[in-house]
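# Predicted structure and sequence below. I'll ask about it afterward.
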Amino acid sequence: MSEQKTIKIFDTTLRDGEQSPGASMNLNEKLEVAQALVDLGVDIMEAGFPIASPGDFEAVKEIASTIRGTTICGLARCNDADIDRAWEAVKQAEQPRIHVFLATSAIHREFKLKMTREEIVRRAVAGVQRAAAYCDDIEFSPEDAARTEHDFLCEVVEAAIAAGATTVNIPDTVGYALPFQYGKTIGMLRDRVPNIDQATISVHCHNDLGLAVANSLAAVQHGAGQIECTINGIGERAGNCALEEVVMAIKTRNDEYECNTRINTERLVPTSRLVSSITGINVQRNKAIVGRNAFAHEAGIHQDGMLKERTTYEIMRPEDVGFARTDLVLGKHSGRAALSDRAQKLGYHLTGEQLQLVFDEFKKLADKKKEVYDGDIAALIQQQIQDDQVNQWQLVSFAVTSGSQDTPRVQLTLQYGDQQQTAESSDGDGPVDCAFWAVEKITGVKLVCRDYTVRSATLGRDAQGEATLEVEHQGQVYRGRGISTDTVEATIKALLNAVNRIELLQTGDDLGTAD
Ligand code: KIV
Ligand code: ZN
């Protein structure tokens, strides 16, 4: 039997995924995700867009210098400053890659770039050459390739490869392509671009029509060798191709695709949960592969079939994608080693000091709750990662008065660096309204609430409450998430999480991708 082709998995959760509204991550959170992506087995991770902000640059640089075992890529527009900055950020990686992009479609040429075809080709070649002078792994993306005239797309791709691109990515930037058409475009490039064999063809599909995974798979059938995707499919607008879905489609339907990936599929669920808890973007229950109900059989006829023979209704085994058989893990007699083991299985990498702090919190929680579940442990670790970030607002203490006969009040003390400040709300609609008021008063950040939910993080009436909110500040949406056995405390933590994201992003530039 001939050896099967291995499709490279290029994860862009930390770059395109982070562009989802409100999904920005701080440095510690990005490092956690980066390590989880290595454990998952991605071939390349796009760690960020270094010119976008000092925070982005620092994050890519830190990932490049500390994370091992995969290629680390930085994104750059086709100009000298971007490319130099991207190289500065990734140069310490074990295997660095620079990814340069420039739009090629008529609509982008005319309205966004105001450049002729000749100028685009010249600029693309110059950008790739500059990047190739720094390192030998260069990816070039003709942005909006799926809406670019075929003749021109062939011309740009050929020129980029001749200039030194080792991967040519064909983005469906606006999620407009259809599977048969996108697959044919990849086949067309293979037929018409004379030097195409000198580069890997990559695909990058957005999900505006819900076709990102289908389009990526069609491209694989026509010879694509790399798929760009994100955990849980997060990304701009409707998101990107979902890593877990495309990988499991290739694995489960190996009879048709006859290729494989290097992904350790048992890490899919833990990685999905890690990204969801860090970004505050919940995974819908019926989401393929990683949704809580993805393997739940409700109908009696299905349950009956399953009991007789699993494969009657199940095409994958839950354990193959990392669903644990049982969620019940630790109690108040569990030790640090058990906690450390559980944390690792959940995808976290804690330092000795972090483990000790999480263990102290775990003991307090185990005193309040008899049974501590995976969701509780993830929440404690998540809080610790948030708290580890320096220069940010942290909750010191709060007190609430509320009742049918009382005026609701919240007294709140917060800390920033070594400064503490206290505020007391005088009135409000209820404790949540008072909490918003007190957080705004102390931090000076105005927040408009767009969405707010509280749900139970795990099982049982003593479960921790998870508050998730979306707030608007100066026209931008930010997310926050907080967990506690007390729902007002969870809400305050979620508000602080959102305020800290706002402050983090305000150090960045407002960067378009115009040229
Ligand atoms: O969607 C897109 O075109 C992109 C490029 C930068 C590759 O994200
Ligand atoms: Zn994209």
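All right, it came through fine. Numbers count the residues shown, from 1 in each chain. Ligands and ions are numbered 1, 2, ... in the order given.
# can you give me the strands in the stretch 151-300 of the chain?
When assigned using DSSP state E, counting those that start in this stretch, the strands of the stretch 151-300 of the chain occupy the ranges 167-172, 200-205, 226-229, 259-260.
# Get me the contact residues on the stretch 101-250 of the chain for ligand 1.
Residues of the stretch 101-250 of the chain lying close to ligand 1 by Cβ under 6 Å from any ligand atom are Phe101, Ser141, Glu143, Asn169, Pro171, Thr173, His204, His206. Every residue, glycine included, has its C-beta placed from N, CA and C.
# if we go to 8 Å?
101, 141, 143-145, 169, 171-174, 204, 206, 228, 236, 240 (Cβ under 8 Å from any ligand atom).
# Flag the least confident of those residues.
Taken together, those show their lowest pLDDT at Glu236, with 89.
# Let me see the contact set for that one.
Asp16, Gln19, Ser20, His206 (Cβ atoms under 8 Å, 6 or more residues apart in numbering).
# if we look at the sheet, which residues does Cys205 bridge to?
For Cys205, the beta-bridge partners are Asp172 (DSSP bridges).
# How about the contacts made by it?
With contacts defined as Cβ under 8 Å, 6+ apart, the neighbours of Cys205 are 171-172, 175, 177, 182, 211-213, 215-216, 219, 228, 240-241.
# let's see it at 10 Å
The contact partners of Cys205, taken as Cβ atoms under 10 Å, 6 or more residues apart in numbering, are 146, 170-173, 175-177, 179, 182, 211-219, 227-229, 240-241, 246.
# hang on, isn't Gly41 packed against Ile9?
Yes. Contact between Gly41 and Ile9 holds when scored by Cβ atoms under 10 Å: they sit 7.6 Å apart.
# Mind checking which of these two has more residues around it?
More crowded of Gly41 and Ile9, by other Cβ atoms under 10 Å: Ile9, with 24 against 17.
# For Glu155, see how far away the more buried one is.
Using Cβ to Cβ, to the nearest Å, one obtains 29 Å as the distance from Ile9 to Glu155.
# swap in Gly280?
Taking Cβ to Cβ as the criterion, Gly280 is separated from Glu155 by 43 Å.
# Then Arg123?
According to Cβ to Cβ, Arg123 stands 13 Å off from Glu155.
# Pick out whichever of those two has more residues nearby.
Under the criterion of other Cβ under 10 Å, the comparison of Arg123 against Glu155 puts Glu155 first, with 21 against 18.
# residues in contact with the more buried one?
Residues in contact with Glu155, defined by Cβ under 10 Å, 6+ apart, are Thr104, Arg117, Glu118, Ile120, Val121, Ala124, Pro142, Thr148, Glu149, Arg192, Val193.
# do that again at 7 Å, thanks
Contact criterion Cβ atoms under 7 Å, 6 or more residues apart in numbering gives Val121 as the residues in contact with Glu155.
# can you check Thr185 too?
When contacts are counted by Cβ under 7 Å, 6+ apart, Thr185 is found next to Ala146, Ile170.
# hmm, try it at 6 Å
The contact partners of Thr185, taken as Cβ atoms under 6 Å, 6 or more residues apart in numbering, number zero.
# quick one, phi psi at Ile7?
Note on Ile7: backbone dihedrals following degrees, to the nearest 10 are phi -80, psi 130.
# To what extent is Gln344 buried, counted in neighbours?
Neighbours of Gln344 under the rule other Cβ under 10 Å: 13.
# Pull up the gap between it and Asp387, please.
Between Gln344 and Asp387 the distance is 20 Å, computed by Cβ to Cβ.
# Same question for Gln284.
When Gln284 is compared with Asp387 (using Cβ to Cβ), they lie 29 Å apart.
# Comparing the two, which residue is more hemmed in?
Set Gln284 next to Asp387 and count neighbours by other Cβ under 10 Å: Asp387 wins out with 16 against 11.
# For the more buried one, which non-adjacent residue is closest in space?
Nearest-residue entry for Asp387: Gln394, 6.1 Å, with adjacent residues in sequence omitted and distances by Cβ to Cβ, 6 or more residues apart in numbering.
# tilt between the helix or strand Leu102 falls within and strand 167-172?
Secondary-structure assignment from DSSP states H and E places Leu102 in strand 95-103. Counting by axes from the mean of the first three to the mean of the last three Cα atoms, to 10 degrees, strand 95-103 points 40 degrees away from the direction of strand 167-172.
# Ala490 touches Ser484, doesn't it?
Yes. Applying Cβ atoms under 6 Å, one finds Ala490 in contact with Ser484, separated by 4.2 Å.
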